[in-house]
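Chemist: Whatever this is, show me its structure:
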Amino acid sequence: MRKEDVVNGMKLMLATMVVVMLSALTEASAQQRVQYTQYMFDGSIINPAYAGADEALSMTFIYRNQWSGVEGAPESQTMSAHTLFKDKQVGVGLIFNHDKIGVHKTLNIGSNYAYHLNLSSKKVLSFGLQAGVNNRRADYASLAAQANNDPSISNADISETYFDFGAGLYFRTPQFHLGYSIPEVIPNEIALNDSTTTRLSDLNHFIFSKLMIDISQQIQLTPSVLLKYLNGVPLSYDINLNATYRKVITTGISYRKQESIDFILRLQVTPQFQFGYSYDYPIGDISNLSNASHEIMARYLFEFKQANVASPR
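Modeler: Numbers count the residues shown, from 1 in each chain. Just a heads-up that it's a prediction; the model follows:
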């Protein structure tokens, strides 16, 4: 197959996915997948096709304390690791995620697989798959003390484990990235009683794009956008602008639709180690109900050498 055919097929596939996503707007009750503010620094968190794109073993840890100071507010921790097998153009990775909202807890362990197709010396199209195990638990027994030990509450614990999988596409050049992903493609329901069910998972659609612009030899600007859609939830988006000085200090600002204005600081402590912090200031109606959110990130790239060429790029 000619590379031109692959590129044209990619364009057609992305266009079809966008049409399907926008035409799927229907009324339903659902919740968005947990979303971090510093996702742009490790694409594997939202797209399995990114696994191995750093061309080195990459490990990232993110901790998010949402609505700090509010009892029962969400807390999330994610650890991801991925690497590239250059000879086979294959990237593999693992991702662990733990979320807690009040008495509800979610633990996800997943594996990422990506195949990277070189369209030219500077253009790569990646195809990714993700498979994982989810455990969701509602610990209503912990509320028994607040409800005078009501047996109907103390016996209402729910725990469910199920498999799911996801998929993604990622196109990148040294100056431009574009990705589309569906992190979970298997809806799941848990029965709360004989007549009521609660949907625990639905299809999340992510489209991410960023552009790297060299203003000078010392300053680079990176505007980016993330579109997020979940059935029954209005289309949401993040608009970001990061500025990097001498590849050491990155400062950024993001706008999350009707939710927050986010401030980002990232430090390249060593050539391999990065540390990041973000502060989300709530806006709109949500500002009356919540406090600011805090997020920290630590990332390490294990550089390796092959044929006297150091990686990552």
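Chemist: how about the helices in the stretch 1-150 of the chain?
Modeler: For the stretch 1-150 of the chain, the helices defined by DSSP state H, counting those that start in this stretch occupy 3-23.
Chemist: which stretches of it have low pLDDT?
Modeler: Within the stretch 1-150 of the chain, the ranges that satisfy pLDDT under 70 run 1-34, 141-150.
Chemist: Mind listing what's buried along stretch 100-114?
Modeler: Going by neighbour count (16 or more other Cβ atoms under 10 Å), the buried part of stretch 100-114 is Lys100, Ile101, Val103, His104, Lys105, Thr106, Asn108, Gly110, Ser111, Asn112, Tyr113, Ala114. C-beta: built from backbone N, CA, C; applies to glycine.
Chemist: send the alpha carbons of that stretch over as PDB?
Modeler: Extracted C-alpha coordinates of stretch 100-114, given in PDB (Å, rounded to 0.1, in the frame of the first residue of the first chain):
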ATOM      1  CA  LYS A 100     -12.200   7.900  45.100                       C
ATOM      2  CA  ILE A 101     -15.300  10.100  45.300                       C
ATOM      3  CA  GLY A 102     -17.000   9.900  48.700                       C
ATOM      4  CA  VAL A 103     -17.800   6.200  49.400                       C
ATOM      5  CA  HIS A 104     -17.200   5.300  45.700                       C
ATOM      6  CA  LYS A 105     -13.800   3.800  44.700                       C
ATOM      7  CA  THR A 106     -12.500   2.700  41.300                       C
ATOM      8  CA  LEU A 107      -9.400   0.700  40.500                       C
ATOM      9  CA  ASN A 108      -8.300   0.200  36.900                       C
ATOM     10  CA  ILE A 109      -5.300  -1.800  35.700                       C
ATOM     11  CA  GLY A 110      -4.800  -1.700  32.000                       C
ATOM     12  CA  SER A 111      -2.200  -2.500  29.300                       C
ATOM     13  CA  ASN A 112      -1.500  -0.500  26.100                       C
ATOM     14  CA  TYR A 113      -0.300  -1.700  22.800                       C
ATOM     15  CA  ALA A 114       0.600   0.500  19.900                       C
END
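Chemist: check contacts around Ile46.
Modeler: The neighbours of Ile46, taking Cβ atoms under 8 Å, 6 or more residues apart in numbering as the test, are Tyr39, Gly179, Ser181, Pro183, Phe206, Phe208, Leu226.
Chemist: what's the nearest residue to the fourth one if we skip its chain neighbours?
Modeler: The shortest distance from Pro183 to any residue other than its chain neighbours is 4.3 Å, reached at Gly166 (Cβ to Cβ, 6 or more residues apart in numbering).
Chemist: how about that neighbour, secondary structure?
Modeler: strand (DSSP: H, G, I helix; E, B strand; the rest coil).
Chemist: hang on, isn't it packed against Glu184?
Modeler: Yes. If you go by Cβ atoms under 8 Å, Gly166 and Glu184 touch, sitting 5.6 Å apart.
Chemist: quick one: which of the two has more around it?
Modeler: Gly166 (24 against 21; other Cβ atoms under 10 Å).
Chemist: where do the strands sit along the stretch 201-313 of the chain?
Modeler: 204-211, 213-214, 219-230, 233-245, 249-256, 260-268, 273-282, 293-302, 304-306, 309-311 (DSSP state E, counting those that start in this stretch).
Chemist: for the stretch 1-150 of the chain, same thing?
Modeler: Taking DSSP E, counting those that start in this stretch as the test, the strands found in the stretch 1-150 of the chain are 57-65, 75-85, 90-101, 104-118, 124-138.
Chemist: could you dump those strands to JSON lines with distance to Ser216?
Modeler: Shown next, in JSON lines, are these (distance: least, Cβ to Cβ, whole Å):
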{"stretch": "strand 57-65", "distance to Ser216": "28"}
{"stretch": "strand 75-85", "distance to Ser216": "31"}
{"stretch": "strand 90-101", "distance to Ser216": "32"}
{"stretch": "strand 104-118", "distance to Ser216": "30"}
{"stretch": "strand 124-138", "distance to Ser216": "27"}
